[in-house]
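A.B. asks: All I have is the shape, not the residue letters:
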C-alpha cells in the first residue's frame, strides 16, 4: 500500500500501524473463536467485531486518498477506545478472553504520539474499563479492580516499550529515506520486532508462569533480531536463574540438550559482573569466558549480550544472547533485547507479587482463625460458665423458696450480682472486638477506656500513660494494630501474671514509636515459653509479633520468674 503525497518513510510508518491494527483485530477474533478458551460470541460481540473491521477498512480508504488529518486520528482513537471497552464488557469482562484489549488504542497511540499522549490514552482507557465494571458488574469488588490494575500496568509497560521502539522506528526510517529497498527491509524487521513486543506483552498479560515468559523472551527476541543478520548467521540464547548460589538453565533457544545441565556459579567472567553490577554487558569471543565456555551452544558465537533479571536490588538470574557475527549487539540490538527481557522481569515481579499475596492471605486466615479460637476460649471461660452458674442458682433458688424465703432472697441477690458481672464481661468482650472509641477518638482514648473496663470487669489496676500527640503521626490502621497488641499483652498479664499493677506507656523517641506494657506479677522464663509454643493452643506472643511486623516493627519481651514482665514494641514512624 502506497499513500500519495507522502514521503517513503511516512508511508512505511503508516503501513506498520495499519497492519498492526489488523493484527490486533485478528487476535481479538482468534481469542473469541479459536483461542485456548474459545467462547460463543453473541450478536453484540459479532456486531462490534464487524464494526471494528469496517472501521479499519474506512481508515485504509482515508489513508489512500491522503485524507488522514490529525482530528480524524484523534477521533479514531476515541472509536478504538469505545469499541474496545464495549467488546470487553460484552465478552464477559474479566471472565472473558479480552483482558488485553487495552493494546488496541495503546499501541496505536504509542506509535503515533509522544510519551505523555500515549500513556494518557492507556490510562483513560482503563479508567473507562473500571467505570464499565461498576456499571455492568456492580457486585464485583477489589479483587476484580486489582486484575484490571495489573492489566493496566502490563499494557502501560507494552506502551512504554512500543513508544521506545516507535522513536527508533522513525529515526531509522528517515535514515534510509533515499533507499526504498533498504527501507522495505528495515520496515519488515521493525514489524517483526513490533510483533515480538506485542506477543511478549500478550504473554505477560495471559500467564503468571514467568518461566513461560522467559522462554518467549528468548524465542521472540531471537526471531525479531535475526532479520538484521546475514543469511548464514545464527543466534543462540539461554535464560539462567539462581537456585541458591548456583545459576541453572531454565530456558533455551537453539541450545543443545547437554547445555540444559550446565551449572554456573557466577564467580568470574561476565556472569559475575552482571550479577554484581546489575547492568547489561556484552563481549566478543564468549568461548573464552571462564564460565560460558562450558556451553557447547556458545562456542561458535563471536559476540554475546548478557542481560540481568533484576527486581529491585536483587538479581535473580541472567539472559544470554549469542550470535555468530562479531559486534552484532549494537545500541539498537541492546535496546530491543532489553525491552524483551524487561517483559520477563515484569512477569517475575507479578509472580512474586502473586506469591506474596497468597502468603498474606494465608497469614490473615491464620490470624482470623486464632482470633476465633480466642473468642471461643473467652466465651467458654467467662460468660458461658457464668450463665451455667446462673441456671444452677435459679434452680436452687426455686427449690429454696418453698422452704426458706429469706435464704432464697439472699440467693437472688447473689444471682443479680453474677448477672451484672457477666454483663460487664460480655460488654468488655464486645469492646475488644470493635472498640468504637478507637475509631472516633483515637488510640489514647481507646487505651484509657480499655484500662477502665479492665478495672470494672476484672478488678485489674491498669495505668495508661499515652502521648496523645502521637496520633497525628499514625494512620488509623496502625492505631488499630497497636491497640490489639496492647489488649493481648494486658489480657495475658491479667490472666497469668497475678499482677497488682499493669502499666501501659505510649511515647516516641525521634522517629520510633515505643509501646511499653509492664506488670509487677510473677514473671516467667521467656526461653521455656517460646520453646513450648508449638505445643500450646494459645499463640498470644506470636500474634503480637506478627501484628508488629505488619507495621515493620519488633517486639522485645523481658521477664524473669518473680520479677514481673515487660513487653516493648518498637515501630518506625517514618514508615507512615
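C.D. replies: Yes, it's here. Owing to the predicted nature of the structure, the values given are computational and were not obtained by experimental measurement.
A.B. asks: Any buried residues in stretch 237-248, and which?
C.D. replies: Neighbour-count burial for stretch 237-248 flags 237, 238, 239, 240, 241, 242, 247 (criterion: 16 or more other CB atoms under 10 Å). C-betas here are computed from N, CA, C, even on glycine.
A.B. asks: farthest-separated two in the residues you listed?
C.D. replies: 237 and 242 (18.2 Å; CB to CB).
A.B. asks: Buried residues, the helix or strand where residue 423 lies. List them.
C.D. replies: Following DSSP states H and E, the helix or strand that holds residue 423 is helix 405-433. Going by neighbour count (16+ other CB under 10 Å), the buried part of helix 405-433 is 408, 411, 415, 421, 422, 425, 426, 428, 429, 431, 432.
A.B. asks: Rounded mean pLDDT for it, please.
C.D. replies: Across helix 405-433, pLDDT averages out at 75.
A.B. asks: for the residue of the chain positioned farthest from its centre, helix, strand, or coil?
C.D. replies: Largest separation from the mean C-alpha position in the chain: residue 403, at 73.0 Å (CA atoms, centre = their mean). Classification of residue 403 by DSSP: H, G, I helix; E, B strand; the rest coil places it in coil.
A.B. asks: which ones are touching it?
C.D. replies: Not one residue lies near residue 403 by CB atoms under 8 Å, 6 or more residues apart in numbering.
A.B. asks: Double-check residue 255 against residue 235; I have them as touching.
C.D. replies: No: in this structure residue 255 lies outside contact range of residue 235 using CB atoms under 8 Å: 10.9 Å.
A.B. asks: Next, work out how far apart residue 451 and residue 494 are.
C.D. replies: 11 Å (CB to CB, to the nearest Å).
A.B. asks: Need the residues touching each of these two.
C.D. replies: Joint contacts of residue 451 and residue 494 (CB under 8 Å, 6+ apart) do not exist.
A.B. asks: And residue 17, how far from residue 108?
C.D. replies: 6 Å.
A.B. asks: Of these two, which one has the most company?
C.D. replies: More crowded of residue 17 and residue 108, by other CB atoms under 10 Å: residue 108, with 22 against 19.
A.B. asks: hey, where'd the strands end up in this protein?
C.D. replies: For the chain, the strands defined by DSSP state E cover 235-243, 246-253, 263-264, 281-284, 303-311, 314-323, 461-466, 501-509, 512-519, 554-559, 565-572.
A.B. asks: Could you save those as JSON lines and add columns showing distance to residue 155 and mean pLDDT?
C.D. replies: Shown next, in JSON lines, are these (distance: least, CB to CB, whole Å; pLDDT from 0 to 100):
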{"stretch": "strand 235-243", "distance to residue 155": "24", "mean pLDDT": "87"}
{"stretch": "strand 246-253", "distance to residue 155": "24", "mean pLDDT": "86"}
{"stretch": "strand 263-264", "distance to residue 155": "35", "mean pLDDT": "90"}
{"stretch": "strand 281-284", "distance to residue 155": "30", "mean pLDDT": "88"}
{"stretch": "strand 303-311", "distance to residue 155": "20", "mean pLDDT": "87"}
{"stretch": "strand 314-323", "distance to residue 155": "23", "mean pLDDT": "86"}
{"stretch": "strand 461-466", "distance to residue 155": "48", "mean pLDDT": "91"}
{"stretch": "strand 501-509", "distance to residue 155": "44", "mean pLDDT": "91"}
{"stretch": "strand 512-519", "distance to residue 155": "40", "mean pLDDT": "92"}
{"stretch": "strand 554-559", "distance to residue 155": "40", "mean pLDDT": "91"}
{"stretch": "strand 565-572", "distance to residue 155": "36", "mean pLDDT": "92"}
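A.B. asks: Any chance of TSV for the ones you listed, columns distance to residue 528?
C.D. replies: As requested, these are arranged in TSV below (distance: least, CB to CB, whole Å):
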stretch	distance to residue 528
strand 235-243	38
strand 246-253	40
strand 263-264	45
strand 281-284	54
strand 303-311	41
strand 314-323	38
strand 461-466	27
strand 501-509	22
strand 512-519	19
strand 554-559	11
strand 565-572	14
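A.B. asks: what's the closest of the ones you listed to residue 128?
C.D. replies: Nearest of the strands of the chain (CB to CB): strand 303-311, 30.8 Å.
A.B. asks: Partner strands of that closest one and their direction?
C.D. replies: Partner strands and pairing direction for strand 303-311 (DSSP bridges) are strand 281-284 (antiparallel), strand 314-323 (antiparallel).
A.B. asks: any idea how this protein splits into domains?
C.D. replies: The record's domain parsing of the chain by automatic domain parsing lists 1-206, 443-576.
A.B. asks: ok, of the ones you listed, where does mean pLDDT dip lowest?
C.D. replies: domain 1-206 has the lowest average pLDDT among the domains of the chain, namely a mean of 69.
A.B. asks: Tell me which of the strands of the chain lies nearest to residue 26.
C.D. replies: Across those, closest to residue 26 is strand 246-253 (CB to CB), at 25.6 Å.
A.B. asks: coming back round to it: just name the most buried of the strands paired with strand 303-311.
C.D. replies: Stretch with highest mean neighbour count among the strands paired with strand 303-311: strand 314-323 (a mean of 23; mean count of other CB atoms under 10 Å).
A.B. asks: what's the distance between the residue most central in space within the chain and residue 359?
C.D. replies: Most central in the chain under CA atoms, centre = their mean is residue 353, positioned 3.8 Å from the mean C-alpha point. If you measure residue 353 against residue 359 using CB to CB, the figure is 11 Å.
A.B. asks: Same check on residue 529?
C.D. replies: 26 Å.
A.B. asks: So if I had to pick from the two, which one is more boxed in?
C.D. replies: Taking other CB under 10 Å, residue 529 and residue 359 do not tie; residue 529 has more neighbours (14 against 10).
A.B. asks: does that one really touch residue 542, like I thought?
C.D. replies: No: with contact defined as CB under 8 Å, residue 529 does not reach residue 542; the gap is 11.0 Å.
A.B. asks: Please report phi then psi for residue 475.
C.D. replies: Dihedral angles of residue 475 (phi, psi; degrees, to the nearest 10) stand at phi -80, psi 160.
A.B. asks: Look at it and say how many residues are nearby.
C.D. replies: Residues lying near residue 475 (other CB under 10 Å) number 12.
A.B. asks: any idea how far it is from residue 571?
C.D. replies: Using CB to CB, residue 475 is found at 11 Å from residue 571.
A.B. asks: picking up where we left off before, can you convert the strands paired with strand 303-311 into JSON lines and add a column each for distance to residue 103?
C.D. replies: Formatted as JSON lines, the strands paired with strand 303-311 follow (distance: least, CB to CB, whole Å):
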{"stretch": "strand 281-284", "distance to residue 103": "31"}
{"stretch": "strand 314-323", "distance to residue 103": "24"}
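A.B. asks: Touching, residue 394 and residue 412? I think so.
C.D. replies: No: the criterion here is CB under 8 Å, and residue 394 misses it with residue 412 at 9.1 Å.
A.B. asks: What's the local residue count around residue 236?
C.D. replies: Neighbours of residue 236 using other CB under 10 Å come to 26.
A.B. asks: nope, residue 112 is what I meant
C.D. replies: So residue 112, with other CB under 10 Å, has 20 neighbours.
A.B. asks: returning to that earlier point: quick one, which of the strands of the chain gets closest to residue 46.
C.D. replies: If you check each of these against residue 46 by CB to CB, strand 246-253 wins as the nearest, at 38.7 Å.
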